[in-house]
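Novice: sequence? don't have it. structure:
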């Protein structure tokens, strides 16, 4: 497979990583300066979830590297997808753990839209986790079929 076919995806991963890193720097600056007020716990949860997010981006880059090397149907690819699944699930759980505080802040600030935004931050990674689980199972089945066919020849 030509390396140019995955180059676009690698560039997108790097750009997403840079954007999230810039957001983390801004959130960290606001948190340290003391201007966060009652949003400080929400900002801290956002900073903590950046750790599994960056690890998932790294696993995505590894997966694209495996595709470039024509080893997409390998156990390493399954492991990378499994790590992405666990990272997405971790992000979802961390935001779900912070949701009661978001509801409290939304009630104090009289902002009902904050709860909906909080639910988006919970369910978007959960959907990613479920998709990665399905993809992991499909890839594992393809690897099993490939190994069976290699044994019959």
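Specialist: Noted; the coordinates are in hand. Here the structure is a predicted model, which is why all the values come from computation and not from measurement.

Novice: which pLDDT value goes with residue 141?
Specialist: Looking at residue 141, its pLDDT is 92.

Novice: again with residue 1
Specialist: Looking at residue 1, the pLDDT reads 48.

Novice: give me the below-cutoff pLDDT ranges for the protein.
Specialist: Applying pLDDT under 70 to the chain flags the ranges 1-2, 153.

Novice: next, the buried residues of the longest helix anywhere in the chain.
Specialist: Longest helix in the chain, counting residues (DSSP state H): helix 113-152. By neighbour count, with 16 or more other CB atoms under 10 Å as the criterion, the buried positions of helix 113-152 are 114, 118, 121-122, 125-126, 128-129, 132-133, 135-136, 139-140, 143. Any C-beta I mention is one placed from the backbone N, CA and C, and that applies to glycine too.

Novice: and what of stretch 20-31?
Specialist: Here stretch 20-31 shows 20, 24, 27, 31 as buried, counting by 16+ other CB under 10 Å.

Novice: can I get these in TSV including distance to residue 46 and secondary structure?
Specialist: Below are the buried residues of stretch 20-31 laid out as TSV (distance: CB to CB, whole Å; DSSP: H, G, I helix; E, B strand; the rest coil):
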residue	distance to residue 46	secondary structure
20	10	helix
24	8	helix
27	6	helix
31	9	helix
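
Novice: and which of these is nearest residue 86?
Specialist: residue 20 (18.4 Å; CB to CB).

Novice: one step back: in JSON lines, list the buried residues of stretch 20-31 along with distance to residue 13.
Specialist: Shown next, in JSON lines, are the buried residues of stretch 20-31 (distance: CB to CB, whole Å):
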{"residue": "20", "distance to residue 13": "11"}
{"residue": "24", "distance to residue 13": "16"}
{"residue": "27", "distance to residue 13": "21"}
{"residue": "31", "distance to residue 13": "26"}
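
Novice: and the furthest pair within those residues?
Specialist: Distance extremes for the buried residues of stretch 20-31: the farthest pair is 20 and 31 at 15.7 Å, using CB to CB.

Novice: measure how whichever strand or helix holds residue 93 sits relative to helix 113-152, angle-wise.
Specialist: Secondary structure from DSSP states H and E places residue 93 in helix 75-109. When axes from the mean of the first three to the mean of the last three CA atoms, to 10 degrees is applied, the directions of helix 75-109 and helix 113-152 differ by 170 degrees.

Novice: sweet, I'm off.
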